[in-house]
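Q: this one's structure only:
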Ligand SMILES: Cc1cc2nc3c(=O)[nH]c(=O)nc-3n(C[C@H](O)[C@H](O)[C@H](O)COP(=O)(O)O)c2cc1C
């Protein structure tokens with residue numbers, strides 16, 4: 001029987017275990033021009049015993065930023081700062097992918113430089129509010145990307161993916177989940193286009209397929225992953241019948257052959273099983289849990305073959321040596337929500353590891 005503590009091959013490397021640190025935004029990019037700091041390097045290096053770390057969401061371009069103090073990968077200063085982070089992770093024996101996160105319509109002009117406005121698949125605003133320096137504000141109607149805009153957005157992701165490799169990342173995860181730009185193209189209530197990128201499932205999946213394909217062409221499919229969350233309502237998305245869309249997406253990706261698919265699990269395990277059947281690469285599961293975070297109970301998804309790797313969010317945030325704790329059966333530090341986003345080293349680099 002395979003367990004989470006068995007090795008697995010990914011991105012041309014042998015990972016020592018199947019435990020993934022899930023991508024988590026921490027809003028602490030206090031370096032020049034939204035670059036990570038030495039504290040970021042320390043935070044990720046502390047967690048290097050993961051089989052794989054997926055970084056916090058990183059905007060591939062200025063307009064892709066949806067939250068305060070999130071880092072980018074579109075300037076040379078950012079590349080240099082990320083190099084410090086990847087060196088620290090590698091020095092501690094780990095591997096790290098960069099999550100490219102373009103938030104699309106989830107954002108606000110006041111968070112963006114140079115008079116930029118959020119963009120989206122269609123000119124449809126998300127219901128809800130965003131936190132800005134002046135308090136909560138309604139989401140705005142995004143600028144619908146035209147064909148040239150789509151091409152430019154794909155090119156921004158390709159440039160950021162190349163930057164990630166220059167900065168020493170082991171690969172790139174395209175964020176196609178949780179209501180952000182790629183997901184906005186997939187979902188029928190945020191994508192009401194009538195051109196080649198909207199309408200039936202294959203057309204709604206086209207942007208994701210083109211984007212992942214272009215990133216894979218640039219840095220290699222073995223270094224390219226995709227995160228999806230079929231049916232996830234975050235960001236005011238509605239996907240009443242996600243199956244056909246995600247099957248079309250996987251069909252489109254067959255030619256590309258990305259290294260992994262990272263599934264934020266929808267309500268039903270049946271869809272996870274179907275995705276597993278239809279994807280030949282590594283399947284990373286962020287298992288669905290009701291009213292609690294992923295915990296040791298979910299290790300069984302490796303043992304029963306549901307997934308190849310299992311990702312942990314909050315528990316990894318609070319437990320820098322999580323694989324060791326899982327192997328020993330705990331104990332676990334409790335995550336402190338009040339320090340998730342922004343702030344100093346508290347709740348960032350000061351969660352203790354187990355004593356020897
Ligand atoms: C503080 C925090 C920040 C997050 N930021 C991101 C992000 O940048 N990108 C992403 O894909 N998911 C993000 N997530 C979602 C996690 O990756 C994960 O899917 C979620 O926390 C559920 O897993 P868990 O129960 O193990 O925490 C975030 C979650 C938390 C707690």
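A: That came through fine. Bear in mind that the values here come from a model prediction, so they are computed numbers and not experimental data.

Q: how about residue 90: what's its closest non-neighbour residue?
A: With sequence-adjacent residues excluded and distances taken as Cβ to Cβ, 6 or more residues apart in numbering, residue 90 is closest to residue 168, at 7.0 Å. C-beta: built from backbone N, CA, C; applies to glycine.

Q: err, residue 192, not the other one
A: Among residues not flanking residue 192 along the chain, residue 122 sits closest, at 4.7 Å (Cβ to Cβ, 6+ apart).

Q: who's in contact with that neighbour?
A: By Cβ atoms under 8 Å, 6 or more residues apart in numbering, the residues touching residue 122 are 142, 144, 190-193, 198.

Q: same deal with residue 10?
A: Applying Cβ under 8 Å, 6+ apart, the residues near residue 10 are 51-52, 259-260, 282, 309.

Q: go with 7 Å
A: By Cβ atoms under 7 Å, 6 or more residues apart in numbering, the contact set of residue 10 is 52, 259-260, 282.

Q: hmm, back to that, helix, strand, or coil at the residue nearest to residue 192?
A: Here residue 122 is recorded as coil under DSSP: H, G, I helix; E, B strand; the rest coil.

Q: how near is it to the ligand?
A: 22 Å (Cβ to the nearest ligand atom, to the nearest Å).

Q: which of the contacts of residue 10 fall within strands?
A: Within the contacts of residue 10, residues falling in strands by DSSP state E are 52, 260, 282.

Q: who wins for neighbours among those residues?
A: residue 52 (28 neighbours; other Cβ atoms under 10 Å).

Q: go ahead and confirm that residue touches residue 15.
A: Yes - Residue 52 is within contact range of residue 15, at 5.9 Å (criterion: Cβ atoms under 7 Å).

Q: intersection of neighbour lists for those two?
A: Common neighbours of residue 52 and residue 15 (Cβ under 7 Å, 6+ apart) are residue 95.

Q: show me where this structure has helices.
A: For the chain, the helices defined by DSSP state H cover 38-46, 76-91, 147-166, 181-186, 201-219, 242-253, 269-278, 300-303, 314-318, 322-328.

Q: most packed of those?
A: Per-stretch averages of neighbours, counted by mean count of other Cβ atoms under 10 Å, single out helix 181-186 among the helices of the chain, with a mean of 28.

Q: give me the helices and strands touching that helix, please.
A: strand 171-176, helix 201-219 (3 or more Cβ pairs under 7 Å, 6 or more residues apart in numbering; DSSP states H and E).

Q: quick check, the residue in the stretch 151-300 of the chain closest to the ligand?
A: Using Cβ to the nearest ligand atom, the closest approach of the stretch 151-300 of the chain to the ligand is made by residue 294 at 3.1 Å.

Q: how far out from the middle of the chain is the lowest-mean-pLDDT helix or strand in the chain?
A: Of all helical and strand segments in the chain, the minimum by mean pLDDT, DSSP states H and E falls on strand 129-132, at a mean of 87. Chain-centre distance of strand 129-132: 21 Å, with Cα atoms, centre = their mean, to the nearest Å.

Q: then stretch 120-128?
A: Using Cα atoms, centre = their mean, the mean C-alpha position of stretch 120-128 is found 21 Å from that of the whole chain.

Q: go through that stretch and flag the buried ones.
A: Within stretch 120-128, the residues scored as buried using 16 or more other Cβ atoms under 10 Å are 120-122, 124-126.

Q: avg pLDDT for it?
A: The average pLDDT for stretch 120-128 rounds to 98.

Q: next one: stretch 27-36
A: Computed over stretch 27-36, the average pLDDT equals 96.

Q: any part of it near the ligand?
A: No - for stretch 27-36, no contact with the ligand is found by Cβ under 6 Å from any ligand atom; the gap never falls below 8.8 Å.

Q: now do the end-to-end distance for that stretch.
A: Terminal residues of stretch 27-36 are spaced 10 Å apart (Cα to Cα, to the nearest Å).

Q: run through who's touching that stretch.
A: 37, 39-40, 67-72, 75, 77-78, 81-82, 85, 341-342, 348.

Q: show me which of the residues you listed neighbour the ligand.
A: Answer for the contacts of stretch 27-36 near the ligand: none qualify (Cβ under 6 Å from any ligand atom).

Q: show me which residues of the chain sit near the ligand.
A: Contact residues (Cβ under 6 Å from any ligand atom) of the chain with the ligand: 22-25, 56-57, 99, 101, 175, 177-178, 227, 264, 286, 289, 293-294, 312-315, 340.

Q: drop anything exposed from these.
A: Among those, those scoring as buried are 22-25, 56-57, 99, 101, 175, 177-178, 227, 264, 286, 293-294, 312-315, 340 (criterion: 16+ other Cβ under 10 Å).

Q: could you list which of these belong to strands?
A: If you go by DSSP E, these have 56-57, 99, 175, 227, 264, 286, 312 in strands.

Q: could I get those residues as CSV with pLDDT?
A: Shown next, in CSV, are these (pLDDT from 0 to 100):
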residue, pLDDT
56, 99
57, 98
99, 99
175, 98
227, 98
264, 98
286, 98
312, 98
